[in-house]
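[1] have a look at this prediction, sequence included:
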Amino acid sequence: MAAFVLVLVATPLLCALVAGFLFTYAVVVMPGFKVLEDRAFIRAFQVTDGVIQRGQPIFMVVWLGSVLGIMLSALLGLSRLHGVDLVALLLTGLGYLVGVQLPTIFIHLPLNKSLQAVDTELADAEDIARARSRFEDRWNRANGIRTAVAVLTTLLLMILLLRI
């Protein structure tokens with residue numbers, strides 16, 4: 001039981017850090033970038049995203065650790081929890097994977113990659129404006145969903161931890 005409790009303590013912490021990261025982008029970073037002209041917006045996003053794309057080690061530990069924690073919690077919970085607690089844990093984990101990780105893989109990473117490919121020095125103003133237009137609203141909408149799901153996941157995991 002000690003390993004399960006340790007995982008259930010670490011997992012909401014990691015999910016909270018992911019939620020905080022996503023929340024910061026939603027309420028500080030992207031609104032700050034929004035006021036920039038198109039070329040500066042793309043360049044600013046390229047620079048910040050580049051830190052992540054180069055595999056910033058602390059970010060990677062937190063992001064991948066949250067996924068591992070969710071999966072370990074579910075696996076260990078199968079033999080340690082019953083009834084509503086088990087169902088809540090499994091649904092919370094599934095919600096996190098579907099609501100945070102899948103949008104990251106299928107929406108954010110491709111959008112980020114497309115913006116990384118824009119040469120802000122050589123592209124003309126129309127191409128820059130089109131690139132931003134294809135990126136910004138969709139990225140922000142999907143990030144709002146990821147943020148809400150990550151926060152809800154953290155809250156539900158903390159409630160579950162208090163119940164056991």
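    Perfect, thanks for sending it.

[2] so what pLDDT did the residue of the chain most remote from its centre get?
    Within the chain, the residue lying farthest from the chain centre (C-alpha atoms, centre = their mean) is Asp124, at 31.8 Å. pLDDT for Asp124: 97.

[3] how about the one 3 residues further on?
    In the prediction, the pLDDT value recorded for Asp127 is 97.

[4] now swap in Cys15 and tell me
    At Cys15, the pLDDT value in this model is 98.

[5] quick one: contacts for the closest residue to it other than its chain neighbours?
    Spatial nearest neighbour of Cys15, chain neighbours left out: Thr154 (4.5 Å); criterion: C-beta to C-beta, 6 or more residues apart in numbering. All C-beta atoms are positioned from the backbone trio N, CA, C, and that covers glycine. Contacts of Thr154 were listed using C-beta atoms under 8 Å, 6 or more residues apart in numbering, and they are 12, 15-16, 19.

[6] cool, Ala44 as well?
    33, 36.

[7] so which strand or helix has it?
    Under the criterion of DSSP states H and E, Ala44 resides in helix 38-53.

[8] helix or strand right after that helix?
    The helix or strand immediately downstream of helix 38-53 is helix 57-80, counting by DSSP H and E.

[9] just want the angle from that following helix to helix 38-53.
    With axes from the mean of the first three to the mean of the last three C-alpha atoms, to 10 degrees applied, the angle from helix 57-80 to helix 38-53 works out at 60 degrees.

[10] just to check, Leu72 is in contact with Thr11?
    Yes: Leu72 sits in contact with Thr11 when judged by C-beta atoms under 8 Å, with a separation of 7.5 Å.

[11] tell me which of the two has more neighbours.
    Thr11 (30 against 19; other C-beta atoms under 10 Å).
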